[in-house]
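S.K.: the sequence and its predicted three-dimensional model are supplied below.
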Amino acid sequence: MAVKLPLDEDLIARHNAPRLPALQDEYAGLSRALERRGIAIDAVKGRAATLQLACPSWGVGVGGTRFARFPMAGEPTNLEEKLDDCAVIQQLCRITPRVSLHFPWDQPSDPAAVRERAATLGIGFDAVNSNTFQDQADQERSYRYGSLSHTAAAVRSQAVAHNIECIRLGRLLGSKSLTVWVGDGTNFAGQQQLGDSLDRYLESAHAIYAALPDDWKMFIEHKLYEPAFYSTVISDWGTSILVAKELGPKALCLVDLGHHAPSVNIEQIVARLHRFGKLGGFHFNDSKYGDDDLDSGSINPHQLFLVFNELVTAALREGEAFSPSYMMDQSHNVTDPVESLLSSAEAIGIAHARALMVDRSILSDYQQSNDVLMAFRTLRDAYDLDARPIVAMARYEAGGAIDPIGAFRESGWRVAKAATRRATGRSAGIV
Ligand code: PSV
Ligand code: MN
């Protein structure tokens, strides 16, 4: 099948040519700095180039808060246009080869045709996401009081059936995993018996698990609050891992960085889940107060680095067997979503590259001898290095743009789309 990328290849070449000498110079400088530490830059770059992130189909449209949404001219209005924008992101940054679809928000009527179209755009599909946290127009029963854990068996069956339908669609698209996040919980003490809700959830989750193909995974995504504000059924990583263990080997935990209380040590959660073989995936974003869904690394790049420090440690222990599913789960309310996703992919790539530059044998020696300060400084030394040339060089060598956001602006993509795509509405209410 002939691949027809959305942006003119010459445009990227014209963009890169004048920027290459500066990049080569910065890369050489970093190479020398790493050499002094006994680290070969090309090996780091080779591993940095293997990072793969999925774009959320819903993330390429302008997001909103519960108060308002401010539409943008030229934003995508349907699945086809969303895939075009995802393909632009991949063409420019080369580390977002897949799209994660949310059903029914971006449900294809002809999944085989959508799969084919995506392939011609140079992208594929990652985990599919079910949605039982909203009522849909044609839905028989309401999720007002819950879905997989609802007190009524008929509502639970409807929610299970939706998840099984997601698996069916995902198979036709070439996906290999289902992410299940439910908004189930309570707003009042006494509203539900907390133990019984979890029992009901488990029974439903077993029914979904039973419908998983052999080569599929089911990701359990936890979140401490919202939309339920007193209790949430799958509130934390503890509940998530217990559920995943109850279900079986194909069930794994998914960590969304925004789904924890502000001071929780997420990197430790990552290490714990990995130790028990249950780390399945990530939703990257950043937050200051709650599930803010801000751009990855925009508030706390150090936390992102510490998370990758654990992920790189896990990858070194397990090699190719360690392959969590990575996605950016963000809401872009005041920026161009393509630019935010390019910026976030770069921030994630940089955090990953910094973690790859940690001198692990020296770190291990310091840890072993309890030289606390030097252990800390070994980690900090890698964080303080400027990893941008590694990420940019890997991107350039893979055919992407040295400055992806600059190239996107030069392409005039959004202006051109503003002339052809229809205007979108102002309705608020993203979760
Ligand atoms: C819930 O807050 C969540 O993180 C889940 O992953 C949903 O699928 C997604 O956000 C919807 O925006
Ligand atoms: Mn999420």
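M.R.: Good, I have the coordinates. Ligands and ions are numbered 1, 2, ... in the order given.
S.K.: so which bits of the stretch 1-150 of the chain are right by ligand 1?
M.R.: For the stretch 1-150 of the chain, the contact set with ligand 1 under Cβ under 6 Å from any ligand atom comprises 102, 129. Quick note: C-beta positions are derived from backbone N, CA and C, even for glycine.
S.K.: going along the chain, name the helices of the stretch 1-150 of the chain.
M.R.: 9-16, 20-35, 41-48, 79-93, 111-120 (DSSP state H, counting those that start in this stretch).
S.K.: just name the most buried of the ones you listed.
M.R.: With neighbours defined as mean count of other Cβ atoms under 10 Å, these peak in mean count at helix 79-93, which reaches a mean of 24.
S.K.: list of residues touching it?
M.R.: The contact list for helix 79-93 (Cβ atoms under 8 Å, 6 or more residues apart in numbering) reads 5-7, 12, 55, 57, 60-61, 76, 96-97, 99, 101, 106-108, 114, 117-118, 121-123, 337-338, 341-342, 345-346, 349, 395, 399-401, 404, 407-408, 411, 413, 417, 421.
S.K.: related to what we said a few turns ago, Arg200: which of the helices of the stretch 1-150 of the chain is closest?
M.R.: helix 111-120 (30.6 Å; Cβ to Cβ).
S.K.: check which helices and strands that closest one sits against.
M.R.: helix 79-93, strand 124-125, helix 153-173 (3 or more Cβ pairs under 8 Å, 6 or more residues apart in numbering; DSSP states H and E).
S.K.: same list, these, but as a markdown table with mean pLDDT please.
M.R.: Shown next, in a markdown table, are those (pLDDT from 0 to 100):
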| stretch | mean pLDDT |
| --- | --- |
| helix 79-93 | 98 |
| strand 124-125 | 98 |
| helix 153-173 | 98 |
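S.K.: what's the closest of these to Arg37?
M.R.: Of all the helices and strands packed on helix 111-120, helix 79-93 comes closest under Cβ to Cβ, at 27.4 Å.
S.K.: quick one: neighbours of Arg380, just the number.
M.R.: Using other Cβ atoms under 10 Å, Arg380 has 13 neighbouring residues.
S.K.: contact partners for it?
M.R.: Taking Cβ under 8 Å, 6+ apart, we find Arg380 in contact with no residue.
S.K.: so which helix or strand takes in it?
M.R.: helix 372-384 (DSSP states H and E).
S.K.: which residues are in contact with the helix or strand just after that helix?
M.R.: Using DSSP H and E, the next helix or strand after helix 372-384 towards the C-terminus is helix 388-397. Contacts to helix 388-397, defined as Cβ under 8 Å, 6+ apart, come from residues 16, 20, 23, 26-27, 29-30, 41, 44-45, 48-49, 93-95, 346, 349-350, 353, 401-404.
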